[in-house]
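Asks: Let me see the structure of the following:
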Amino acid sequence: MTSWTPQQAGLQEILQTIHDSTDTRNTAVQRNITHKLNNFTRAPDYIAYLAYILSAMPQEDDRIRTIAGYLLKNNARLILRAAPDVTAFVKSAVLAAFNDPSIMIRGAAAQDIVAFLGILEPKNWPECLQQLVHMLDAPNADQQEAAFNVLEKACEDYPRKLDVEINGTMPLDFMIPKFLVLSEHPSSKMRAHAVACLSYFVPIGCQALFAHIDTFIAALFKRAADDDPTVRRHVCQALVLLLASRPEKLMPEMNNVAEYMLYSTRDRNENVALEACEFWLTFAEDPDLAPYLHPLLGKVAPTLLDCMVYSEDDLLWLQGDEEDAAVPDKESDIKPRHYGGKTHGLEHDANGDDAGAAKRVGAYGEELDDGDEDDYDDLDDDEFAEEMSTEWNLRKCAAAALDVLAVRFGPDLLNVLLEPLKTKLWSDDWLQRESGILALGAMAEGCIDAIEPHLPTLVPYLINTLNDPKPLVRSITCWTLGRYASWCTQPISEEHKNTFFVPTLEGLLRMVLDNNKRVQEAGCSAFATLEEDAGPELAPYLEPVLRNLVFAFDKYQHKNMLILYDAVGTLADAVGSALQNPTYVEILMPPLLKRWSKLKDDDEDLVPLLECLASVTIAMGPAFLPYAGPIFERCATIVHTSLLQYQAYQQNPDMDEPDRSFLVVALDLLSGLTQGLGMALEPHILRGQPNLLSLLTVCLKHPHAAVRQSGYALVGDMAMNCFPLLRPHIPAIMQELIVQLDPEPKVEFISACNNAAWAVGEIGLRYGRDDPEFQQWVHPLVSRLIPILLHPKAPRSLHENAAVSIGRIGLMHPSLVAPLLPEFAQAWCQALYEIRDNEEKDSAFRGLCTLVQTNPAGITKSLLWFCNAIVRWNQPSPELNSMFQQLLNGFKQHDAVGWAAQVATFPPVIQERLATRYGV
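Replies: This next block holds a predicted model:
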C-alpha cells in the first residue's frame, strides 16, 4: 500500500488558516476562518494534513501544531470514511506525536489517541492499546504517566469497547492484574490512575475485573489512607460504584466501609468529601439496601447535616451580601430555556401515580434550569446534578442525600436529627442557621408527617427569618417555606389561615421585592409554589398580590423577569375566573402589554411572556377581549413567519435551523385565546391573511413533534370553543391527524400523538349523533385508536386519551363502533377506571354504555372490569348513573341465575358497591 504524503498547496492553505485563527481580535476574520475550516472537512484527507502538522513539522510553533491536534480531535469521526492510506498515516502520526519532546504536542496527541481509539474501537487498532500498556513499564516516569492518563480517559469514556476479544485474547485479562499491581506504585499519580481505571469497569459488570474482585476490594482498603487526596477520591468513587452494582460484595465489610466513608465525608479535601458523600446518596436511593443503612442513620445523618454548611469557596463564589437589584444581569447568567408546549392529560384519583407539580426551585435554594417538558422520567441524581445552577458540590450532595433519606426513613430520620437541627436553627452563627434551614427544606417531602407537629413553631420561625440581614439566609428560607407551602395553604380553619397562610403570603411577597437578586429569585419561585398549592384560596388577596408582582416588573433585571412571568402565569392558573374582575385586569394588563410592545418578534424573552399570557387569557376569559386583537394578530404573524423561515431552511440546509420555540408558544397562546374567548375570536380569524386555519394545517405536517403537539392542542381547543370556525377545515386536518395516531410512537412523538388522540374525540362530539360527514372517518380513526389502546408499550396517557376518544366516537356513531366492542372492552375499562370524575370521563363512559346497549354480547367477557369501572365512580352525572342502572338491571333480568353466579366471583368490595348503589 502506498503511504500518504501531503500536497504542498493543500498543506500551506490549511497551515495559513490555522495561523490566521490565532488573531482573535477580528470577528469577521474569525467567521471566515470557521467557514474555511468547515469546508476543509469535505477534503477526503483533511485529517491526514492535521496529523502531519501535529507530528512532522517541528519547525512550526508548538501552538500552531497543538491547534492542528485539537482540530484533529474535533474531526476524528472523519477517519470512519477515510481511505486506508489516510487511516494508516493518521494512526502512526498520532502515536509518533505522543512521544514528541514537547509537552504541549504530547498533550494534544493524547487527546487524539483517546478520540480515535474510541471511534475506531480498540479491536481495530490493537497496536495502539498494546503500545499504551507497554509504556506503563517505560523507564521514564513522564511516559508512564502520559500513557496511564490516556488509558484512564479511555476506561472512563468507553469501558465496554475495551472489554472485548482481540485476536483471540481478552486484553483486560492482562490489563486488570497489571492495574492491580500498579495500585501500589511509588508514584501517587500512577496509583490514582490505577484505582480510577479499575473502578470504571465496575458498572459494566466486567468479568475480567470480577474474577479478581476480592483482590480489588483488598487493594481499595490498602489505599484507603493514602497520602494523596486524588487516590483517596478514586477509592471513594470505586466504593460508590461497587455499592451501586455489586453491593453484596461490600455488605460483609459494611461496618468498616461505613466508618471509612463517614471519615472521608469529613475529609479536608472537598473532592474526597464529595465523592464519599455520593456513597450515602447511592446507598439511600436503593430500597433493597435500606435494612443495612437504617442502623447507620445515627451517624450518617448528623454527618450530612454538618456537610451542608457553606464552605469558604462557596461564599467567595456567591458574593451573596450586596444589594444588587439595580445591577443588570450578565447575559452569561441566563440559562437557555427549552419550551415544551401543552400536553393534554387526565387527572388520576389519589391512588394513581401522578407525578405532582413541577418543582421550580431548586435544589437546595439554587435555581433550577427549566427542564424540557419532554423529559419522561424524574431526574436521577446525575441529571439532577447537571440541573443545578452552579456546579455540584458537597453541600448540594449532602442535601440531596438527606432528601432521599427522609423519603426512605421519615420519622426515624427526624428522631436522629431533631436535637442537632434545633442547635443549628437557634445558633448565633448565620452559616449554621442557614444550613439548618436548608436541611429542614430538604427533609420536607419525606418527613412531613413527623415534622407536622413542629410546624406551628417552625413556620413562624421561618417567616421571622425572612427579616435576616444576610441575603443567603433570606433566600434559603424562601425555598424552605416553599417546600412547606402545601401545609401553610391547607384550609383547616380561619385561625390556621391567619396564623400561617397570610403571614407566609405576605413574607414571600416582601421577598419578591427584595433588594438582592438571589432573594428575589428564591422569593418569586417559592411564591409560585404557594400559588399552585393555594389555588382559589388566593382569590381574596388578589389585589395586593397583583400590585406586588406588577411592581416587580419595574424592578427586576433580565434573569428574574423570566421567573416573574412564570409566577404571573401560575397565579392565573391558580385563581382562574377570579381574575376577570375589572380592577385586576386594570392592574395586570398595562405592565404586561408594556413588556409585550418592547419585545421584537425574534426576542427570546417573548417566549416566556407568551407562555404567561396564555394562562392569563384563559383565566380572564371575556374580560381579555379588549386586548385580544393585537395579540391574536402578532401570534398569527409569528406562526406565518416561523413557517416561512422553516420552509427556507428546508430548501437550504446550510442555513441555521430556525428556533421552533416561537412557533410552539404562539400556537399555545392562540389556544389560550380560544379557550378564553371562543366565538368572540371570529372576526380576528376571518380577517387574518393568510388564514390562521390554513397555517394550522401546515403546522400539523411540521417535522418537529413539539410543533405538531401544540398544533393538535389548538385543534382540540378550537373544537371545544369555536367549532363552527374549525369545521370547514376538518377534512384537511383529518388527513394529518389519522397518520399521527401511532400505537408505538417514538418517545419524542408521544405528546403530539396524545394531543391528536384527545382532539379527535372533541371533534367527534361536536359533529353530533350519526353525522354523515364524520362517518367517513369513524373506521380509519377507530382502527388506529384500538391498537393504541391494546398496545402494551404505549404510555398510560396515550391509553387514556385513546379510550376517551373511542368512547366519544362510540357515543356519536354507536352502530359503526359497537361490533368492535369485544376487541377493546376490557382494555378500555382498565385504562379509565382510575381517572378522576370529570366531563371528559363522563362523555366517554356514556359512549361505552351506548355501545353496550347496542351490542350487549360485546361486554360479556369483560363484565368484571366493566362493573369495577362503574363502582369506581364517585359521582356520575344523573344521565350516566341511570345508564349504569339500566344496563345492570338488564343483565340481571336477562339471566338472573347466571348474573348471580358471575357476581359471586367478583371481589367483595365490588359486590358490596353494586348492591348498595344499584341494588344488583
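
Asks: make it CA atoms for all contacts and neighbour counts henceforth
Replies: Will do.

Asks: Now the longest helix along the chain: buried residues?
Replies: For the chain, the longest helix by residue count, based on DSSP state H, is helix 625-651. Within helix 625-651, the residues scored as buried using 16 or more other C-alpha atoms under 10 Å are 628, 631-633, 635-640, 642-643, 645-646.

Asks: hey, which helix or strand in this structure has the poorest pLDDT?
Replies: For the chain, using mean pLDDT, DSSP states H and E, the weakest element among its helices and strands is helix 381-387, scoring a mean of 37.

Asks: what's downstream of it, the next helix or strand?
Replies: On the C-terminal side of helix 381-387, the nearest following helix or strand under DSSP states H and E is helix 394-409.

Asks: Just the CA trace of whatever helix or strand residue 417 lives in, in CSV.
Replies: Under DSSP H and E, the secondary-structure element containing residue 417 is helix 411-425. Coordinates of each C-alpha in helix 411-425 appear next as CSV, following Å, rounded to 0.1, in the frame of the first residue of the first chain:
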residue,chain,number,x,y,z
PRO,A,411,-39.8,9.8,61.3
ASP,A,412,-36.7,7.8,62.2
LEU,A,413,-34.5,10.4,60.4
LEU,A,414,-36.2,13.2,62.3
ASN,A,415,-35.7,11.5,65.6
VAL,A,416,-32.0,11.4,64.9
LEU,A,417,-31.8,15.0,63.7
LEU,A,418,-34.2,16.8,66.0
GLU,A,419,-31.6,17.9,68.5
PRO,A,420,-28.8,18.8,66.0
LEU,A,421,-31.3,20.7,63.9
LYS,A,422,-32.5,22.7,66.9
THR,A,423,-28.9,23.6,67.7
LYS,A,424,-28.3,24.8,64.2
LEU,A,425,-31.6,26.7,63.8
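
Asks: what comes into contact with that helix?
Replies: Under the contact criterion C-alpha atoms under 8 Å, 6 or more residues apart in numbering, helix 411-425 has outside partners 297-298, 301-302, 405-406, 432-437, 439, 447, 449-451.

Asks: Tell me the buried residues within those.
Replies: Among the contacts of helix 411-425, those that count as buried by neighbour count (16+ other C-alpha under 10 Å) are 297, 301-302, 405-406, 432-437, 439, 447, 450-451.

Asks: The closest residue to residue 433 other than its chain neighbours - how many residues pack around it?
Replies: Beyond its immediate neighbours in the sequence, the residue positioned closest to residue 433 (C-alpha to C-alpha, 6 or more residues apart in numbering) is residue 425, lying 4.6 Å away. Residue 425 is surrounded by 24 other residues when neighbours are defined as other C-alpha atoms under 10 Å.

Asks: before we move on, back to that, now do the next helix or strand after the helix holding residue 417: everything it contacts.
Replies: Following the chain from helix 411-425 toward its C-terminal end, the next helix or strand by DSSP H and E is helix 430-442. Contacts of helix 430-442 with the rest of the structure, by C-alpha under 8 Å, 6+ apart, involve 305, 308-310, 364-365, 399-400, 402-403, 421, 424-427, 470, 472-473, 476-477, 479-481, 483-484.

Asks: now swap in stretch 78-93 and tell me
Replies: When contacts are defined by C-alpha under 8 Å, 6+ apart, stretch 78-93 is touched by residues 1-4, 41, 44-45, 47-48, 51-52, 54-56, 116, 119-120.

Asks: swap the cut-off to 7 Å and go again
Replies: Contact with stretch 78-93 is made by 2-4, 44-45, 48, 51-52, 55, as judged by C-alpha atoms under 7 Å, 6 or more residues apart in numbering.

Asks: Show me which residues of it are buried.
Replies: Across stretch 78-93, burial judged by 16+ other C-alpha under 10 Å covers 78-79, 82, 86-91, 93.

Asks: can you check stretch 223-240 too?
Replies: Residues of stretch 223-240 classed as buried under the neighbour-count rule (16+ other C-alpha under 10 Å) are 223-224, 226, 229-240.

Asks: quick one: residue 310 is in a strand?
Replies: No - judged by DSSP: H, G, I helix; E, B strand; the rest coil, residue 310 forms no part of a strand; its state is coil.

Asks: Can you tell me how far it is from residue 395?
Replies: In this structure, residue 310 and residue 395 are 7 Å apart, going by C-alpha to C-alpha, to the nearest Å.

Asks: do the same with residue 146
Replies: Here the criterion is C-alpha to C-alpha. By it, residue 146 lies 34 Å from residue 395.

Asks: ditto for residue 524
Replies: 23 Å.

Asks: between the two, which one's more packed in?
Replies: Neighbours of residue 524 and residue 395, each counted by other C-alpha under 10 Å, are more numerous for residue 524; the result is 33 against 23.

Asks: Any stretches of the stretch 301-450 of the chain with poor pLDDT?
Replies: 320-321, 332-342, 344-346, 348-390 (pLDDT under 70).

Asks: need the helices for the stretch 101-250 of the chain, in chain order.
Replies: With DSSP state H, counting those that start in this stretch, the ranges of helices along the stretch 101-250 of the chain come out as 103-120, 126-135, 141-157, 159-162, 171-182, 188-199, 207-210, 213-223, 229-245, 247-250.

Asks: Quick one: list the elements packing against the third one.
Replies: Translated: helix 141-157. For helix 141-157, the contact count by 3 or more C-alpha pairs under 7 Å, 6 or more residues apart in numbering; DSSP states H and E identifies helix 103-120, helix 126-135, helix 188-199 as packing neighbours.

Asks: Now do it against helix 188-199, angle only.
Replies: 20 degrees (axes from the mean of the first three to the mean of the last three C-alpha atoms, to 10 degrees).

Asks: in helix 141-157, what counts as buried?
Replies: So helix 141-157, judged by 16+ other C-alpha under 10 Å, has buried residues 143-156.

Asks: next one: the second one
Replies: Judged by neighbour count (16+ other C-alpha under 10 Å), helix 126-135 contains these buried residues: 128-129, 132-133, 135.

Asks: And those, which is closest to residue 212?
Replies: Compare each of the buried residues of helix 126-135 with residue 212 using C-alpha to C-alpha and the shortest gap goes to residue 133, at 19.1 Å.

Asks: how about the closest residue in space to residue 623 that isn't next to it in sequence, what does it touch?
Replies: Of all residues beyond its chain neighbours, the one nearest residue 623 is residue 580 (5.6 Å), with distances taken as C-alpha to C-alpha, 6+ apart. In this structure, residue 580 makes contact with 620-621, 623, judged by C-alpha under 7 Å, 6+ apart.

Asks: So which of the buried residues of stretch 78-93 are in helices?
Replies: Judged by DSSP H, helices contain the following of those: 86-91, 93.

Asks: got a markdown table for those residues, with distance to residue 315 and pLDDT too?
Replies: Converted to a markdown table, those look like this (distance: C-alpha to C-alpha, whole Å; pLDDT from 0 to 100):
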| residue | distance to residue 315 | pLDDT |
| --- | --- | --- |
| 86 | 53 | 94 |
| 87 | 51 | 95 |
| 88 | 53 | 95 |
| 89 | 52 | 95 |
| 90 | 48 | 95 |
| 91 | 48 | 95 |
| 93 | 47 | 95 |
